[in-house]
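Trainee: the sequence isn't on hand, but the structure is:
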């Protein structure tokens, strides 16, 4: 079943984007194949229960949202001298072989309609390359979207025994009337014994539909940690996942979200245990206020060969309003019995006793509520090793509470 | 251990379940599902016109609905060919509504239930027994003391004639309409046998009533319907057991259970399911619970090739309560996909779900659950706990809960754990002189104890015994 035929997209547009970035022929081919595949690809999976699709991605009018050639952005790409943090065109000039080896190796360009759309049309990108043994701190990537639609691509490659911390921020700049579409794909290839911390903070304006996939592949003894803060957007569909491909690999997926008005967050956290002695910890906390709605799917998949696996997952949602809605599905798929796994999920409101205690100490009800919400995020914030990201996230939560 | 337990323990459970009798049919339908087959079943039962119409409507819905596919990780139903199933076999007995004396049954049928231990249990512990052989109830009895209080316990076919108003109102209307899913529609078209239980206001039935379902013939489908109506302030415990011998071709069991729990009433529904390992077990079980009422589901799912069963409570009235306690055991070639569904549709409702599963020798268990808290169901709470135990690396264990929360003033918690049998536990037990197998059996017995505690002793012992046999690999 194809989702929709995108009549106003053409080969010529794709050729032009690719030409503007001075891309080699092989990459243009991948883009054109992705464009052609659109007719046959489905939307990404969403949770379905009898009578209900929890996020309706078919509903969006991609034809009017996507204006492939009118892309505009502001971007900062900064990193230390020891590592390469390069805009897409520069990266292709310097590291074509590396990109050719890894592009599409973690996220299949034709995985679904939206990844294919992103692959065919991405006009901006960043490559982070950390050579063997190098420790690179404070890589920051900031993308400010200034057009109706923007497609962003990021590739992170760490060589053996290197490490990197990356902070990515997505926001909206110029005011535009009407709805927008932001799409981002992040591939992380973590070499043997290397360590990647990838933090991102999404604060797009609330007329923007947001689709992102961040996926890591961890080699032997490698660590891939993702930190995912979702504050903005009208609708977000995002997957953050790691495949633990090498023995002893580890991952931590930490998520925080705060939805208000009629925001819709569909957040997936997934881990694929594919080797021995691997460890995963998935922690997500979020708040839903007004008519906001959160959909959470967490998957811990333990493969047949994944001996001696440890895998943990927690998800907690705080409901601040009767009109808000929270859906959660933490799934365990276990094919190897030598596993210690657990998951838990809770949904609740602010504890009435805590509130009473604070108001009885002279704190106004509103302040007390705000303090409790800020306190609710603490266990997640504690997991964030990048100071700047933690502070930004705290500030955005506080600002939203003051609104 | 009491002598009763000893007696049951000594019973050869394998021989009890896996024996076959010659097929004895007075009427046997054609294979497959056609309007002619439905009309034949209805005519053979001498049903009123309205029931025939409900059947035909369900048949149309069955043909219109797609097979359930595309659920993540769902059991493989591709080998199930509904057109090859014989939906109706009326056993060759004299009395259509079932005899009330075991001795009046033909010897081989009586022998079947004797082997299963049903008459024995009736004498000792039960308020009444209904026993179904193939498509119809062949034995039905209720102790007089309950009948005097107005309790009705009869076979469903008879209830259509004797209590038409109650049946018309409740039968596959609001609780399990045929449109619910493809197999509910199938059930609505070909249903036969099963129990009708009516407990009047304020009456407590102190001993459980029991129904036992036995499939004997090869390639047949069994589609019993159970309708329980517990009026305000009443209380009843219904137990069902089932079994079938193993044949080369597939059997289909697709029962329908509807429970109406009145205000402040209390119904417990216990099942120990041990279908043979060529049976597809696809049931729809649901309760509607009024204000202050309590519904308790206790399920042990042992047998079958594939089970898809998610007993459901709709908490309709303020302060209604649901409890689910389930255990699933999947051995070689089995896919037991089971769980619980609860809809919190009123304030102050409460549910607790406790699910345990064991998988072994390549079996797969899955907990698939749905907890829905509707907007306005304030101060509702739900707690879901799933634990899975895995024996070996051929087996699979999944947990797929879904929680839909539309109300903020709630308390929702889900927890699940998976683990292998602890080497240390086994070492400890071995160091106390137990061999490896006995140590494992003991650990499993401890693991499932929260479930067996809820069952009457006969069932608890039977469940334990069945699990022991599974562990020994001696059940076919």
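Mentor: Perfect, I can see it now. None of these values were measured; they are calculated from a predicted model. Numbers count the residues shown, from 1 in each chain, chains lettered A, B, ... in the order given.
Trainee: CA atoms for contacts and neighbours, from now on please.
Mentor: Will do.
Trainee: which bits of chain B sit near chain A?
Mentor: B:375-376, B:390-420 (C-alpha under 8 Å from any C-alpha of the partner chain).
Trainee: can you list the residues of the stretch 301-403 of chain A near chain B?
Mentor: Counting by C-alpha under 8 Å from any C-alpha, the stretch 301-403 of chain A sits next to chain B at A:304, A:319-349.
Trainee: same question, the stretch 1-150 of chain A
Mentor: residue A:49.
Trainee: any chance you could map the helices in the stretch 1-150 of chain A?
Mentor: Under the criterion DSSP state H, counting those that start in this stretch, the stretch 1-150 of chain A contains helices at A:11-20, A:25-37, A:62-65, A:88-102, A:113-121.
Trainee: chain center to the helix or strand bottoming out on mean pLDDT in chain A: distance?
Mentor: Sorting the helices and strands of chain A by mean pLDDT, DSSP states H and E puts strand A:48-49 at the bottom, at a mean of 80. Counting by C-alpha atoms, centre = their mean, to the nearest Å, strand A:48-49 is centred 22 Å from the centre of its parent chain.
Trainee: how about stretch A:131-139?
Mentor: Stretch A:131-139 sits 22 Å away from the centroid of its parent chain (C-alpha atoms, centre = their mean).
Trainee: can you pull the buried residues of it?
Mentor: By 16 or more other C-alpha atoms under 10 Å in any protein chain shown, the buried positions in stretch A:131-139 come out as A:131, A:132, A:134, A:135, A:136, A:137, A:139.
Trainee: follow-up on the earlier one: ok, and what's touching the least confident helix or strand of chain A?
Mentor: A:54, B:402 (C-alpha atoms under 8 Å, 6 or more residues apart in numbering or on different chains).
Trainee: quick check on residue B:62: phi, psi?
Mentor: Note on residue B:62: its backbone torsions stand at phi -60, psi -50 [degrees, to the nearest 10].
Trainee: how about the contacts made by the closest residue to it other than its chain neighbours?
Mentor: Using C-alpha to C-alpha, 6 or more residues apart in numbering or on different chains and skipping the chain neighbours, the partner closest in space to residue B:62 is residue B:185 (4.9 Å). Taking C-alpha under 8 Å, 6+ apart, we find residue B:185 in contact with B:58, B:59, B:61, B:62, B:177, B:178, B:179.
Trainee: for the second one, what are its contacts?
Mentor: By C-alpha under 8 Å, 6+ apart, the contact set of residue B:59 is B:33, B:35, B:185, B:186, B:188, B:189.
Trainee: and for the fifth one?
Mentor: For residue B:177, the set of contacting residues under the criterion of C-alpha under 8 Å, 6+ apart consists of B:184, B:185.
Trainee: gap between it and chain A?
Mentor: From residue B:177 over to chain A the distance is 15 Å, taken as C-alpha to the nearest C-alpha, to the nearest Å.
Trainee: tell me how far that residue lies from residue A:234.
Mentor: From residue B:177 across to residue A:234, the span is 38 Å (C-alpha to C-alpha, to the nearest Å).
Trainee: okay, and for the chain, where does confidence drop off?
Mentor: Picked chain A for this. A:1-7 (pLDDT under 70).
Trainee: wait, chain B
Mentor: Ranges of chain B meeting pLDDT under 70: B:1-17, B:423, B:473-476.
Trainee: going along the chain, name the helices of it.
Mentor: B:3-10, B:13-17, B:35-44, B:49-64, B:107-116, B:118-125, B:144-148, B:156-162, B:164-170, B:182-190, B:423-431, B:436-447, B:449-452, B:457-472 (DSSP state H).
Trainee: got these as JSON lines, with distance to residue A:297 columns?
Mentor: Output for the helices of chain B, formatted as JSON lines (distance: least, C-alpha to C-alpha, whole Å):
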{"stretch": "helix B:3-10", "distance to residue A:297": "45"}
{"stretch": "helix B:13-17", "distance to residue A:297": "42"}
{"stretch": "helix B:35-44", "distance to residue A:297": "43"}
{"stretch": "helix B:49-64", "distance to residue A:297": "32"}
{"stretch": "helix B:107-116", "distance to residue A:297": "45"}
{"stretch": "helix B:118-125", "distance to residue A:297": "46"}
{"stretch": "helix B:144-148", "distance to residue A:297": "50"}
{"stretch": "helix B:156-162", "distance to residue A:297": "43"}
{"stretch": "helix B:164-170", "distance to residue A:297": "37"}
{"stretch": "helix B:182-190", "distance to residue A:297": "27"}
{"stretch": "helix B:423-431", "distance to residue A:297": "32"}
{"stretch": "helix B:436-447", "distance to residue A:297": "28"}
{"stretch": "helix B:449-452", "distance to residue A:297": "29"}
{"stretch": "helix B:457-472", "distance to residue A:297": "34"}
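Trainee: of all the ones you listed, which lies closest to residue A:275?
Mentor: Each of the helices of chain B has some distance to residue A:275 by C-alpha to C-alpha; the shortest is helix B:423-431, at 21.6 Å.
Trainee: show me which positions of that closest one end up buried.
Mentor: B:426, B:429, B:430.
Trainee: cool, thanks, signing off.
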